[in-house]
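Engineer: Have a look at this fold, sequence not included:
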C-alpha cells in the first residue's frame, strides 16, 4: 500500500448532478438570481444537498443560505456587490477542498466558480479559470506538451492550490504553483475586477502567491508560466514495517538534498484492521531517464531489505494520473508541520510508534514531502509563501474519527519541528496559525488586507486579519 492506495480506499463515492434553477421565498436571493448568467440553488431547490457538500464529508451538516454558480466574471462581481448591499456573508468556493470547510458555512452564500474552468495556452503562458480542477488542467496543458507544478489530487481547484502556495511532484524542479503565477484577475470586496501582476496591483499580486484562498477576494482566472515536459521516471519502494525507522532516517538524509529533478515522499500508513501491519513506502518522480533514477535511489534501496523496488517511465500526463488519489469524497482530519532540521531518533520513533498505535483501531497516515530544490531558492519575502527553508513537510491525517490520536502524535513532535504549518492544509485547531502559516510575511499581508478589504467582507475563522 502507498499514498495513492490509501487515499483511494479512504474515499467513498459521490456525484454532483446538474442543478435546476429553483428558488424559495428568500427575496434577496431571488432578486440576485434574476441578474445572473449562472444559477442559484437554495435549500428548497432540487439538488441542494449535492450542491452544498464539500470534498471532506466531515462538513456535510453545513447548510448555506444559497449556492451561486457563477457563469461569468460579471456574475462574480454581482454576487459580491449584492452581498455588500445586503450585508450577507459571501464565501468563495473553487474545488471545495478546504481542510477546515471554510468554503461553506451555515447561513452563508457560496460563490461557486467551478463553471469558470477554461484553459487557454498562448506561447509559454497558460490562463486557467479559477474553477478548473487539476486533472483537467494537466490534461489541457499536455496537449501543448507543457505543464505547471501542482498537487496530486485530481479534484483540487487550481485557485485554492495556487493562492496557498501549491507543492507537488514537480515542485523541486519547477517551484511552487504560486511561483509560476504571472497574472491574477480577482474581484475584491468593492466588486471591482483587478488585474494583478508584476507591474499592476503589485502588493495584491504578492499576497495572492501564498497568502491563502478566500482572504482578498474571489479569483476568476490565473495565468501561469508553463514548462515543457514529455516523459518522467517514477519509483516506489516498500520496506517491512520493522524497518520503518531506518527508512525514515535514510529518506530524510537523502530526499531534501537530491537533485532538483527528483521529488520524493515517504509515507507511514495505518490501513487499520483487518490489515496485519502498517506500511512504510517511498515514491517519487524524476525528470530524467529511468536508468539514472535507479542509480540515484541507491541511498534508499540499500537500506534494510526492501520488499518492493519499482521504477517505470511514463508520459507526464500518465504520471499525474499515477499519483492521483482522493477522487471521491472522504471524511478526514489533518494537521501539518515543516521540518527545518533533521529529526532525531526520538522524533522518528514517535512517528513510527504513532502509526503502530493507530493501526490497532483505525486508519491514519503520516506523509513526508521533500522540499529543497527550486522551492527553497526563492527568498522568503519574494512571495507570501514563507516556507523556503524546510527540509520537508509532514502531513498527519486520520480517518474513522481518530482526532484524539491525531492530536497526540502531533503533540509528541512539538520539540522537533519548526512551528510552521502549510496554509493549504489549514488546521482549525492550530492556536498559533498566524505565525505558522505566514511567519515574517504576516505584517505585509495584513497591510494588503486593510487596503483591499478594509471592512473584512471576506472572512473566516483563520482569514488574514486586518
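Structural biologist: Great, that's in hand. Worth saying up front: this structure is predicted, and the values here are computed from it rather than measured.

Engineer: what residue ranges in the stretch 201-350 of the chain score low on pLDDT?
Structural biologist: In the predicted model, the stretch 201-350 of the chain carries pLDDT under 70 at residues 326-328.

Engineer: 80 instead?
Structural biologist: Applying pLDDT under 80 to the stretch 201-350 of the chain flags the ranges 325-329.

Engineer: Which residue ranges of it form strands?
Structural biologist: 218-225, 227-228, 231-239, 262-270, 279-286, 308-315, 333-339 (DSSP state E, counting those that start in this stretch).

Engineer: closest one to residue 388 among those?
Structural biologist: strand 333-339 (10.1 Å; C-beta to C-beta). All C-beta atoms are positioned from the backbone trio N, CA, C, and that covers glycine.

Engineer: chain center to the closest one: distance?
Structural biologist: Relative to the mean C-alpha coordinate of its chain, strand 333-339 is positioned 12 Å out (C-alpha atoms, centre = their mean, to the nearest Å).

Engineer: Sort out which residues of it are buried, please.
Structural biologist: Going by neighbour count (16 or more other C-beta atoms under 10 Å), the buried part of strand 333-339 is 333, 334, 335, 336, 337, 338, 339.

Engineer: That strand - which strands sit beside it in the sheet, and in what orientation?
Structural biologist: When pairing is defined by DSSP bridges, strand 333-339 lines up against strand 392-398 (antiparallel).

Engineer: Report the angle between the helix or strand that the partner strand is followed by and strand 333-339.
Structural biologist: Per DSSP states H and E, strand 392-398 leads on to helix 403-412 as the next helix or strand towards the C-terminus. Going by axes from the mean of the first three to the mean of the last three C-alpha atoms, to 10 degrees, helix 403-412 is angled at 10 degrees with respect to strand 333-339.

Engineer: Would you mark the buried spots in helix 403-412?
Structural biologist: Buried, per 16+ other C-beta under 10 Å, within helix 403-412: 405, 406, 409, 410, 412.

Engineer: and if you look at stretch 185-199?
Structural biologist: Here stretch 185-199 shows 185, 186, 187, 188, 189, 190, 191, 193, 194, 196 as buried, counting by 16+ other C-beta under 10 Å.

Engineer: ok, the closest residue to residue 96 other than its chain neighbours - contacts?
Structural biologist: Using C-beta to C-beta, 6 or more residues apart in numbering and skipping residues adjacent in sequence, the residue nearest residue 96 is residue 54, 4.4 Å away. Residue 54 sits next to 60, 62, 93, 96, 97, 98, 101, 103, 104 when contact means C-beta atoms under 8 Å, 6 or more residues apart in numbering.

Engineer: For residue 60, see how far away residue 54 is.
Structural biologist: Computed as C-beta to C-beta, to the nearest Å, the residue 54 to residue 60 distance reads 8 Å.

Engineer: picking up where we left off before, looking at the strands of the stretch 201-350 of the chain, spot the one closest to residue 367.
Structural biologist: Between residue 367 and these, the shortest gap by C-beta to C-beta is with strand 262-270, which sits at 5.4 Å.

Engineer: can you list the buried residues of helix 403-412 in JSON lines and add pLDDT and distance to residue 351?
Structural biologist: JSON lines is the format used below for the buried residues of helix 403-412 (pLDDT from 0 to 100; distance: C-beta to C-beta, whole Å):
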{"residue": "405", "pLDDT": "97", "distance to residue 351": "13"}
{"residue": "406", "pLDDT": "97", "distance to residue 351": "13"}
{"residue": "409", "pLDDT": "98", "distance to residue 351": "7"}
{"residue": "410", "pLDDT": "98", "distance to residue 351": "11"}
{"residue": "412", "pLDDT": "98", "distance to residue 351": "8"}
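
Engineer: I'd like those residues as TSV, with distance to residue 229 appended.
Structural biologist: Output for the buried residues of helix 403-412, formatted as TSV (distance: C-beta to C-beta, whole Å):
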residue	distance to residue 229
405	39
406	36
409	37
410	36
412	40
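
Engineer: Quick check: of these, which lies closest to residue 40?
Structural biologist: Looking across the buried residues of helix 403-412 and measuring by C-beta to C-beta, the closest to residue 40 is residue 406, at 37.0 Å.

Engineer: Next, count neighbours for the residue nearest to that closest one when sequence neighbours are not counted.
Structural biologist: Nearest non-adjacent residue to residue 406, counting by C-beta to C-beta, 6+ apart: residue 398, 4.5 Å away. Around residue 398 there are 23 other residues, counting by other C-beta atoms under 10 Å.

Engineer: Give the ChimeraX command for selecting the buried subset of the contacts of residue 54.
Structural biologist: To isolate the buried members of the contacts of residue 54 in ChimeraX, using 16+ other C-beta under 10 Å:
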select :60,62,93,96,97,98,101,103,104
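
Engineer: so which of the contacts of residue 54 comes closest to residue 226?
Structural biologist: residue 97 (23.2 Å).

Engineer: per-residue pLDDT, the residue nearest to the closest one when sequence neighbours are not counted?
Structural biologist: Nearest non-adjacent residue to residue 97, counting by C-beta to C-beta, 6+ apart: residue 55, 4.7 Å away. On the pLDDT scale, residue 55 is placed at 94.

Engineer: Assess the claim that residue 55 and residue 94 are in contact.
Structural biologist: No. At 11.0 Å, residue 55 does not count as touching residue 94 under the criterion of C-beta atoms under 8 Å.

Engineer: Look at these two and report which has more neighbours.
Structural biologist: Ranked by neighbour count (other C-beta under 10 Å), residue 55 and residue 94 place residue 94 first, with 30 against 26.

Engineer: rewinding a little: can you give me phi and psi for the residue nearest to residue 96?
Structural biologist: In terms of degrees, to the nearest 10, the main-chain angles of residue 54 are phi -100, psi 180.
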